[in-house]
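Q: using only what follows, build the 3D model:
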Amino acid sequence: MSNPLRSPARLLPAALLIGAALSGAARAQSVNWETVSSKNQTVTFWHQLTGNNAKVMDGIIADFNKSNPYNITVKGQYQGNYDQIYQKMVPVLGTPAMPDLTVAYQNQAATYQLGDALLNLNPLVASRKWGLSPVDANDFFSGIYKADVFPVFGNQRLGFPVQRSAEVMFYNSDWLKELGYKGPPTTPDQFKTMACKASKTPFSKAKGSSLGYELSVDASRFASWTYAFGGDIYDAKTNKFTLSSAAATQAMTFLQGLFKDGCAKLVTENFGDQTDFGTGKLLFSIGSSSGLTFFKSAVDKGAAFAWSINPVPHTTAQPTVDLYGASVSLPATGDAKRELAAWLFVKYWASPTVQATWAKGSNYFPTRKSVAGQLGDYFAANPTYKKGYALLRNATAEPAVPGYDAVRSVMEKTMTAIVGGADVKSSLADLNVQANKILADQLSQIKKR
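A: Model (predicted):
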């Protein structure tokens, strides 16, 4: 199974003028869904799942195929990681080669929709016959539920949430005690003090050198640290990136200081921070909660110490947790019967019992509040997962705008330059200009439609 800590799909730039290349799969959202029949339909689902996650999904699909009363057959098809799926989707949008279901980050769905390639799910969600009741709709975490509704596309729902991960700080509890601390850092200043002390005071169970923090360069780290200093990276009211804000400047200056003082280094190989954490050489790591099982395995095979997770240390009264994860989108195939069948599978996957099955099997967080009632035993056996789940109430999402893949790439280059010593203010000013130019180019495609 591939490690989900760093999704390549989110690191590569998107095609900036993709909208001009699409054949136009749009059709009016005027289908009377109450009269559509999904009987005997076969739908294809492109996913990124491997290993145990794939086995769990195969079981969910098999149960749906066996139990649904409409004789719908879902065929799951592995198509590579998120980026590979994205690269495969681009040339087939608006053609018969499209799948009926695909996983997509919100920014990828936004890019697809530049060519009207996705089905607006609002009519299906609101359908009296096929949709969600008000009680069911309110059961979803509000921030998660709203993340797939796109203001730049007239509030169309271009995906549906079935899983999420959160940005968290992994820390070595035993090492912190040896350093004289009662608990993990909750502020950036505490984080730096502890990281710097760890860099000079190796953990008793580790061999060789030690380090406080290893930074895996990723736009989500940029966002998380900016949130930690009380800011944001995007202004939804003006539809502009705010990557040179006071909070972003403070966050990047803070990171630059960690490197300058020898308390942090860059991750130099895939999942190197995870490996170093497991061997006891690294005190702190920040990344996706979907890596919990991988960190556990690294620790169990390594120095076997007590560890846990916490929000990224913050200057605000409450943490703002970066919540991310791909949703499921329905390409607009033009075949209402198949589209309805695909939606019914998504609705099944999002049901509480199936959500509980998926959460336990995949270690992703469920998207519905009531699922917690079915996770008591799992919470007891996996206290770090329970701790991460509790962070969902303080979560926010990165911007769901077209072109964000390309923006992320520029953010990461800038971040690398800054921790290497580049001037923070001028670097962020240049970054913000580039990011908003990319965004403006993307949004202009909507206006041309």
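Q: now residue 104. Nearest residue, chain neighbours left out?
A: Once flanking residues are discounted, residue 104 sits nearest to residue 329: 4.6 Å by Cβ to Cβ, 6 or more residues apart in numbering. From N, CA and C alone the C-beta is placed, and that goes for glycine too.
Q: how near is the one you found to residue 165?
A: Counting by Cβ to Cβ, to the nearest Å, the gap from residue 329 to residue 165 is 18 Å.
Q: quick one: the strands in the stretch 301-449 of the chain?
A: Under the criterion DSSP state E, counting those that start in this stretch, the stretch 301-449 of the chain contains strands at 307-310, 321-324, 327-329, 395-396.
Q: not counting the shortest one itself, show me its contacts.
A: Residues from elsewhere that reach strand 395-396 (Cβ atoms under 8 Å, 6 or more residues apart in numbering): 141, 143-144, 164, 166, 227, 232, 320-323.
Q: tell me the contacts of the closest residue in space to residue 127 that isn't next to it in sequence?
A: Closest residue to residue 127 apart from its sequence neighbours, by Cβ to Cβ, 6+ apart: residue 33 at 4.7 Å. Contact partners of residue 33, counting by Cβ under 8 Å, 6+ apart, are 123-124, 127, 129-130, 336, 340.
Q: ok, and the most crowded of these?
A: Ranked by neighbour count (other Cβ atoms under 10 Å), the contacts of residue 33 have residue 124 at the top, with 26 neighbours.
Q: quick one: stretch 296-315 to chain centroid distance?
A: 20 Å (Cα atoms, centre = their mean, to the nearest Å).
Q: for the protein, what are the low-confidence residue spans?
A: Applying pLDDT under 70 to the chain flags residues 1-29, 447-449.
Q: are we agreed that residue 265 is in a strand?
A: Yes. Assigned with DSSP: H, G, I helix; E, B strand; the rest coil, residue 265 falls within a strand.
Q: so it touches residue 217, yeah?
A: No. Using Cβ atoms under 8 Å, residue 265 makes no contact with residue 217, being 11.4 Å away.
Q: neighbours around the residue lying closest to residue 194 once chain neighbours are set aside, how many?
A: Nearest non-adjacent residue to residue 194, counting by Cβ to Cβ, 6+ apart: residue 185, 5.4 Å away. Residues within reach of residue 185, counting by other Cβ under 10 Å, total 22.
Q: quick check: the gap between residue 185 and residue 279.
A: According to Cβ to Cβ, residue 185 stands 21 Å off from residue 279.
Q: ok, now residue 48?
A: Counting by Cβ to Cβ, the gap from residue 48 to residue 279 is 29 Å.
Q: ok, residue 378 next?
A: Per Cβ to Cβ, residue 378 is found 28 Å from residue 279.
Q: which residues in the stretch 51-200 of the chain form helices?
A: Along the stretch 51-200 of the chain, counting by DSSP state H, counting those that start in this stretch, helices occupy 51-67, 82-92, 106-112, 122-126, 134-139, 142-146, 173-178, 188-200.
Q: ok, residue 263 touching residue 196?
A: Yes. Using Cβ under 8 Å, residue 263 is in contact with residue 196, at 4.1 Å.
Q: more neighbours: which of the two?
A: residue 263 (23 against 18).
Q: for that one, give me phi and psi.
A: Note on residue 263: backbone dihedrals following degrees, to the nearest 10 are phi -100, psi 0.
Q: residue contacts, it?
A: Going by Cβ under 8 Å, 6+ apart, residue 263 touches 192, 195-196, 198-199, 211-213.
Q: again, only using 7 Å
A: By Cβ atoms under 7 Å, 6 or more residues apart in numbering, the contact set of residue 263 is 192, 195-196, 199, 212-213.
Q: how much space between it and residue 204?
A: As defined by Cβ to Cβ, residue 263 lies at a distance of 20 Å from residue 204.
Q: returning to that earlier point: higher neighbour count, residue 48 and residue 279?
A: residue 48 (21 against 18).
Q: right, and that one touches residue 77 too?
A: No. The pair residue 48 / residue 77 is not scored as a contact, 10.7 Å apart, by Cβ atoms under 7 Å.
Q: coming back round to it: looking at the helices of the stretch 51-200 of the chain, which is buried most?
A: Counting by mean count of other Cβ atoms under 10 Å, helix 106-112 has the highest mean neighbour count of the helices of the stretch 51-200 of the chain, with a mean of 27.
Q: same for that helix, what does it pack against?
A: Judged by 3 or more Cβ pairs under 7 Å, 6 or more residues apart in numbering; DSSP states H and E, helix 106-112 is in contact with helix 404-419.
Q: what about 8 Å?
A: Other helices and strands packing on helix 106-112, by 3 or more Cβ pairs under 8 Å, 6 or more residues apart in numbering; DSSP states H and E, are helix 82-92, strand 149-150, strand 327-329, helix 404-419.
Q: let's have the ones you listed in a markdown table, adding distance to residue 176.
A: Converted to a markdown table, the helices and strands packed on helix 106-112 look like this (distance: least, Cβ to Cβ, whole Å):
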| stretch | distance to residue 176 |
| --- | --- |
| helix 82-92 | 34 |
| strand 149-150 | 41 |
| strand 327-329 | 36 |
| helix 404-419 | 24 |
